[in-house]
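Enquirer: have a look at this fold, sequence not included:
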DNA sequence: CCATCTGTTGACTG
DNA sequence: TCAGTCAACAGATG
């Protein structure tokens, strides 16, 4: 699933369904999914209560009693699901949390990329990825001063720069393409070549686009069954992602798709021209 | 069958 | 420090 809006949607769904529940036992069906030997992971969680679900960037922080936190990253296709005890297991269920009320919280992940780290609450910043995570894409956390500073000191091209979670937390491949289109910035533009007005516009678009996507319960592409919570509907608001060959909603030019830093990248060649000395 | 795609990120290379 | 490549893994698509 996850970019930030999708993870936030999962967080809200999980909160509704399992906040306050107590874990009776845990089955780890795919050992590589967790950071501890499976038996240790299972034993440590027995009898713990789910106090709250937090989020940082694309990471879920499942807060448990006795100062424990599960740091859960869904990567490409991780999903949580709640079933009644004993319902047939999905082929791709890798961790089952049996609850004391007769339900099961299950973690499903077709590609097995997701990871869960069980840590003491307060030490979650030691988990790789959270160590260096950048500010949340919000009005308060993502200040213009910060944006200006990081953009000034890097010569990287902007698309991969936006995907780097240590710069800004939560943007993934879809929203990176979308905010660049909204801001009329070419994905290959070096970040230190952006004008102050462009940085300002980009910041604004990042903040509002992420918020609008959260309000729309995230984006659902392909025919993934929605993890949880409400079905996303933000896919109806996408302007360039997956729209290669279709007319740009702003100028009618055909959207093109290129490969940049190994990721599919969609943009309008007319609205988002590459500026500066470098041409091609 | 084969090549290539996919909402992620961390490790490795030169 | 950085850009490029690959790897984890499974399934869909052409």
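Expert: Perfect, I can see it now. Owing to the predicted nature of the structure, the values given are computational and were not obtained by experimental measurement.
Enquirer: from residue A:271, how far off is residue A:13?
Expert: 36 Å (Cβ to Cβ, to the nearest Å). Just so you know, the C-beta spots here come from the backbone N, C-alpha and C atoms, and that holds for glycine as well.
Enquirer: let me fix that: residue A:68
Expert: For residue A:68 relative to residue A:271 (Cβ to Cβ), the value is 49 Å.
Enquirer: among the two, which residue is more densely surrounded?
Expert: residue A:271 (21 against 16; other Cβ atoms under 10 Å).
Enquirer: phi, psi for residue A:204 please.
Expert: Dihedral pair for residue A:204: phi -60, psi -50, per degrees, to the nearest 10.
Enquirer: so what's the gap between stretch A:183-191 and the chain middle?
Expert: Mean C-alpha position of stretch A:183-191 versus that of the full chain (Cα atoms, centre = their mean, to the nearest Å) differs by 22 Å.
Enquirer: let me redo that: stretch A:249-267
Expert: Chain-centre distance of stretch A:249-267: 21 Å, with Cα atoms, centre = their mean.
Enquirer: please identify the buried residues of that stretch?
Expert: A:255, A:256, A:257, A:260, A:265, A:266, A:267 (16 or more other Cβ atoms under 10 Å).
Enquirer: next: stretch A:66-79.
Expert: A:68, A:69, A:70, A:71, A:72, A:73, A:74, A:77, A:78, A:79.
Enquirer: for stretch A:197-215, same thing?
Expert: Neighbour-count burial for stretch A:197-215, counted by 16+ other Cβ under 10 Å, picks out A:198, A:199, A:201, A:202, A:203, A:205, A:206, A:207, A:209, A:210, A:213, A:214.
Enquirer: restricted to strands, list those.
Expert: Using DSSP state E, no member of the buried residues of stretch A:197-215 sits in strands.
Enquirer: what's the closest of those to residue A:25?
Expert: residue A:214 (33.6 Å; Cβ to Cβ).
Enquirer: close enough to count as contact, that closest one and residue A:5?
Expert: Yes - taking Cβ atoms under 8 Å as the definition, residue A:214 is a contact partner of residue A:5 at 4.5 Å.
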